[in-house]
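Peer 1: Build me a model from this:
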Amino acid sequence: MALAAVVAVGLSVVAPAVLPADCHAQSRRNLPPSARYVSGTGQAFVLDVTGARPLMRFEQSTEIWVLRPTAAPRGDIIYRNDNGDQILRVTPDGGMTLYTTAAPQGSPVSRNGEAAPLLAPGLTAVQLWNYIVRQSDRASRALGRLVVVDVDIQPGSEAVAADALSTAVDAIVRMARSPNLRSEANRIRRIEIVDQGRTSQTAFSRGTLRIVIEPRAGVAGRPSSARIVRLVADDVLSR
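Peer 2: Predicted structure coming up:
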């Protein structure tokens, strides 16, 4: 199976400090820094509020979700993903509700112990190349044909590039398994990951899913799988 991939050489820069939103700072006073939670429907996840942006990862999934806190009535905080979907609601005393497709009306959550902070692993250029091969194969198997992966980044961007590629393939796999989205997924023939932009951007055109990452922002510098699914589906529906 053929694979196209390019890893360019350049310089990396250090991320500037980012202050958390006031509502996030308020809510995390009553939350442990990083812990494991289980909802009433049995879904387990880790919520990490140690950094400037709250991070979340469901068990049995490698994707880390970057959440955006917004104020709600009665002093509650609502956490949404980059697609605007409501994921969590946290009360002033730390009570929590999880919202998913399995529980759109919300499911109460209880803490189930501590957990390590959610960090993207560091990768060398060689490790990234091997990762690209595996992810291209995963996407190609999901669609039953070749999905080309092209990565053009500078040194220091490897971890975010790998994370962006993983979430893109997660989106393809999810769409391929859905009867309603399979035809949309079949339009994706190429994934491009680059770091030649000041802000993260994602576009889909003529079969190419192009993701411009922002390495300085960490996992917040790439789109979630939910945002990619919506982008590809909206592109098809708008035709």
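Peer 1: So Arg216: helix, strand or coil?
Peer 2: Following DSSP: H, G, I helix; E, B strand; the rest coil, we place Arg216 in the helix state.
Peer 1: quick one: it from Ala52, how far?
Peer 2: For Arg216, the distance to Ala52 (CB to CB, to the nearest Å) stands at 12 Å. The C-beta positions use only the backbone N, C-alpha and C, and glycine is treated the same way.
Peer 1: pLDDT weak spots in the chain?
Peer 2: Along the chain, segments meeting pLDDT under 70 span 1-29, 197-199, 235-239.
Peer 1: packing partners for the longest strand seen in the chain?
Peer 2: Ranked by residue count under DSSP state E, the longest strand found in the chain is strand 107-114. Applying 3 or more CB pairs under 8 Å, 6 or more residues apart in numbering; DSSP states H and E, we find strand 107-114 packed against strand 34-39, strand 96-98.
Peer 1: Can you give the strand pairings for the longest one, parallel or anti for each?
Peer 2: Spelled out, it's strand 34-39. As defined by DSSP bridges, the strand partners of strand 34-39 come to strand 44-48 (antiparallel), strand 107-114 (antiparallel).
Peer 1: which one of these lies closest to Ala159?
Peer 2: strand 44-48 (16.1 Å; CB to CB).
Peer 1: sec struct for the residue lying farthest from the centre of the chain, please.
Peer 2: Centroid-distance maximum for the chain: Arg74 at 29.4 Å, with CA atoms, centre = their mean. Three-state call for Arg74 (three-state DSSP): helix.
Peer 1: where does it sit relative to Thr100, distance-wise?
Peer 2: 22 Å.
Peer 1: Could you do Glu59 as well?
Peer 2: 13 Å.
Peer 1: For these two, indicate the residue with more neighbours.
Peer 2: Thr100 (16 against 10; other CB atoms under 10 Å).
Peer 1: Pro223 and Phe204 touch, don't they?
Peer 2: No. Using CB atoms under 8 Å, Pro223 makes no contact with Phe204, being 10.9 Å away.
Peer 1: so what sits against both of those two?
Peer 2: Common contact partners of Pro223 and Phe204 (CB atoms under 8 Å, 6 or more residues apart in numbering): Leu231.
Peer 1: Who has more neighbours out of the two?
Peer 2: Using other CB under 10 Å as the criterion, Pro223 and Phe204 rank with Pro223 on top: 25 against 19.
Peer 1: Quick check: end-to-end length of stretch 177-195?
Peer 2: From its first residue to its last, stretch 177-195 covers 30 Å (CA to CA, to the nearest Å).
Peer 1: Buried residues of that stretch, list them for me.
Peer 2: 181, 184-188, 191-195 (16 or more other CB atoms under 10 Å).
Peer 1: which one of those sits closest to Asn130?
Peer 2: The shortest gap between Asn130 and any of those belongs to Ile193, at 15.2 Å (CB to CB).
Peer 1: Tell me which helix or strand the closest one sits in.
Peer 2: strand 190-194 (DSSP states H and E).
Peer 1: packing partners for that strand?
Peer 2: strand 148-152, helix 158-177, strand 208-212.
Peer 1: Nearest to Gly40, out of these?
Peer 2: Of all those, helix 158-177 sits nearest to Gly40, with 23.8 Å by CB to CB.
Peer 1: The closest one to strand 208-212, inter-axis angle?
Peer 2: Calculated by axes from the mean of the first three to the mean of the last three CA atoms, to 10 degrees, helix 158-177 forms an angle of 150 degrees with strand 208-212.
Peer 1: And helix 158-177, what's buried?
Peer 2: Residues 158-176 are the ones in helix 158-177 that count as buried (16+ other CB under 10 Å).
Peer 1: chain center to that helix: distance?
Peer 2: Relative to its parent chain, helix 158-177 has a centroid offset of 8 Å by CA atoms, centre = their mean, to the nearest Å.
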